[in-house]
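Asks: heads up, no residue letters with this:
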């Protein structure tokens, strides 16, 4: 067999093995690595390259070395999940760099971090003054997480006493002009509903690059032709306006009728609808 075909077969086998082993080791191998995972990742890559190109060496010896490193990494990962002390030894522990607004210089030295590097990391978190920081900690991954002082934290609806609707994940229902039935059924909608919404917007399915819908029935559309102007979804705004109009109509009927029983029914309906509008407003004004 020619050398090039041997190398091709070896390389194909190495690619398959490396992919399978990396998948088993999990997503941490492609995210923030610990020291040991970093060494294992480099070594597995080196071994895969070795068994792919060194045709004079026995192929299965290289495979054995690859499996030994893989099993070692898998064993260490399983032990770190079970033992906190072993995990701290292998991955390191978090270290506080700023506490109650005070920089801890001794901890900076232990992490071999200069003041300039600390300021650089703070700027990455959109913090330009150390005085704004209540607490900062360096994680085992090397990332620095920052907690701002209470007065420097951004306002939230909770701070203002505003009730907001729960957030849910929007579903992509159209991709490259093709309707995706599974996300539609996840939201509880049908193709008929989707086609009706597209007809309201004046857009054909084949002209849609991306379509996303939320649980409230609002459809966002991005077309292939960026010159096409697609109206913004107004389903919730229209529903809220309709409810307010109905409530106002009931109040008007209650005032205009001379029949006592009808006046009471209209007034009760208007009051009930007012309460419903108050409850639904946070959901419909998002």
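Replies: Right, received. Where do you want to start? All values reported here derive from a predicted model rather than from experimental measurement. Residues are numbered from 1 along each chain as shown.
Asks: where does the stretch 51-200 of the chain dip in pLDDT?
Replies: 52-57, 59, 90, 164-167 (pLDDT under 70).
Asks: could you pull out the strands for it?
Replies: With DSSP state E, counting those that start in this stretch as the criterion, the stretch 51-200 of the chain has strands at 95-99, 102-103, 133-138, 144-148, 171-175, 178-179.
Asks: What pairs with the third one, parallel or antiparallel?
Replies: In the sheet, strand 133-138 lines up against strand 95-99 (antiparallel), strand 144-148 (antiparallel) (DSSP bridges).
Asks: got the contact list for stretch 163-177?
Replies: Stretch 163-177 is contacted from outside by 157, 179-180, 183-184, 186-187, 189, 194, 205-215, 219-221, 224, 282-283, 286, using C-beta atoms under 8 Å, 6 or more residues apart in numbering. C-beta: built from backbone N, CA, C; applies to glycine.
Asks: What of stretch 133-145?
Replies: By C-beta under 8 Å, 6+ apart, stretch 133-145 touches 32, 34, 91-101, 111, 113, 118, 121-122, 125, 127, 146-150.
Asks: follow-up on the earlier one: redo the strands paired with strand 133-138 as JSON lines? Include distance to residue 136.
Replies: Converted to JSON lines, the strands paired with strand 133-138 look like this (distance: least, C-beta to C-beta, whole Å):
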{"stretch": "strand 95-99", "distance to residue 136": "4"}
{"stretch": "strand 144-148", "distance to residue 136": "5"}
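Asks: can you redo those strands as TSV with mean neighbour count and distance to residue 230?
Replies: Formatted as TSV, those follow (neighbours: other C-beta atoms under 10 Å; distance: least, C-beta to C-beta, whole Å):
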stretch	mean neighbour count	distance to residue 230
strand 95-99	17	47
strand 144-148	16	39
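Asks: Residue 39: which of these is closest?
Replies: strand 95-99 (22.0 Å; C-beta to C-beta).
Asks: just the helices in the stretch 51-200 of the chain please.
Replies: Secondary structure of the stretch 51-200 of the chain by DSSP state H, counting those that start in this stretch: the helices cover 59-82, 84-91, 105-110, 115-124, 181-187, 191-201.
Asks: The second one packs against which elements?
Replies: Packing contacts for helix 84-91, counted by 3 or more C-beta pairs under 8 Å, 6 or more residues apart in numbering; DSSP states H and E, involve helix 35-53, helix 59-82.
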